[in-house]
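1. Attaching a predicted model along with its sequence, questions to come.
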Amino acid sequence: MRTVITYLYSISLSLWIGGLFIFTFIMTPVIFRAYPRDMAGDIVGRLFPAYFLFCVIVTAGALAVFVLSAYDPAASGYKLSLVLLSLAVVTTLYVNYRLYPQIQKVKHEVRSFEAVSPDDPARIKFRRLHAASSILNLFLLADGVALLIISVGLKKSV
């Protein structure tokens, strides 16, 4: 059973890193290159609810599997992994249930990103919130990579 849980942890981290990487660095840029700004924003906006839910599920799932794992709590990296997993869950919950709704609200205030001036207060607020979301997304990606690296050392202690 310990082996199965260890594999589930590795799978959850792989889904986490792969999902964020594909959405951030492949899907979104391709969509914005292929369509006009407003249409691309609408397409990506329709994907966001599923993406953010995916992030909540994989981070919470990774935390749950890690807690159930047979890793030695005294092992090097155990406490750091627990902290990084907890931070990821809190971050994804914040993005999904607090930041994203704020972004949606501001986005509805902007009639068109192609027609409205970049100096428009709503666009400035949108840009600030989008930047915060992007930074948190990159943090989650780095967090997942760090956890994957740490997990190699933890497996040696099982």
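-> Perfect, I can see it now. Owing to the predicted nature of the structure, the values given are computational and were not obtained by experimental measurement. Numbering: from 1, shown residues only.
2. what's the burial count for Y71?
-> Neighbour count of Y71, defined by other CB atoms under 10 Å: 22. Any C-beta I mention is one placed from the backbone N, CA and C, and that applies to glycine too.
3. so it sits right up against Y78, yeah?
-> Yes. Look at Y71 against Y78 with CB atoms under 8 Å: they come within range, at 5.6 Å.
4. could you say what helices and strands the helix ranked longest in the chain packs with?
-> Using DSSP state H, we find that the single longest helix of the chain is helix 121-156. For helix 121-156, the packing partners by 3 or more CB pairs under 8 Å, 6 or more residues apart in numbering; DSSP states H and E come out as helix 2-22, helix 37-68, helix 78-94, helix 100-109.
5. Redo these as TSV? Include distance to D119.
-> Below are these laid out as TSV (distance: least, CB to CB, whole Å):
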stretch	distance to D119
helix 2-22	32
helix 37-68	16
helix 78-94	29
helix 100-109	14
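6. okay, those in JSON lines with distance to P121, mean pLDDT and mean neighbour count next?
-> Shown next, in JSON lines, are the helices and strands packed on helix 121-156 (distance: least, CB to CB, whole Å; pLDDT from 0 to 100; neighbours: other CB atoms under 10 Å):
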{"stretch": "helix 2-22", "distance to P121": "31", "mean pLDDT": "93", "mean neighbour count": "17"}
{"stretch": "helix 37-68", "distance to P121": "18", "mean pLDDT": "96", "mean neighbour count": "17"}
{"stretch": "helix 78-94", "distance to P121": "24", "mean pLDDT": "97", "mean neighbour count": "17"}
{"stretch": "helix 100-109", "distance to P121": "9", "mean pLDDT": "95", "mean neighbour count": "15"}
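7. what's the closest of those to R123?
-> Among these, the nearest to R123 by CB to CB is helix 100-109 (8.6 Å).
8. Just the CA coordinates for stretch 88-97, please, in CSV.
-> The C-alpha coordinates for stretch 88-97 follow below in CSV (Å, rounded to 0.1, in the frame of the first residue of the first chain):
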residue,chain,number,x,y,z
ALA,A,88,-0.1,25.6,-2.7
VAL,A,89,-3.6,24.7,-1.4
VAL,A,90,-4.0,28.1,0.2
THR,A,91,-2.8,29.8,-2.9
THR,A,92,-5.1,27.9,-5.2
LEU,A,93,-8.1,28.4,-3.0
TYR,A,94,-7.3,32.2,-2.9
VAL,A,95,-6.9,32.4,-6.6
ASN,A,96,-10.0,30.4,-7.3
TYR,A,97,-12.4,31.9,-4.8
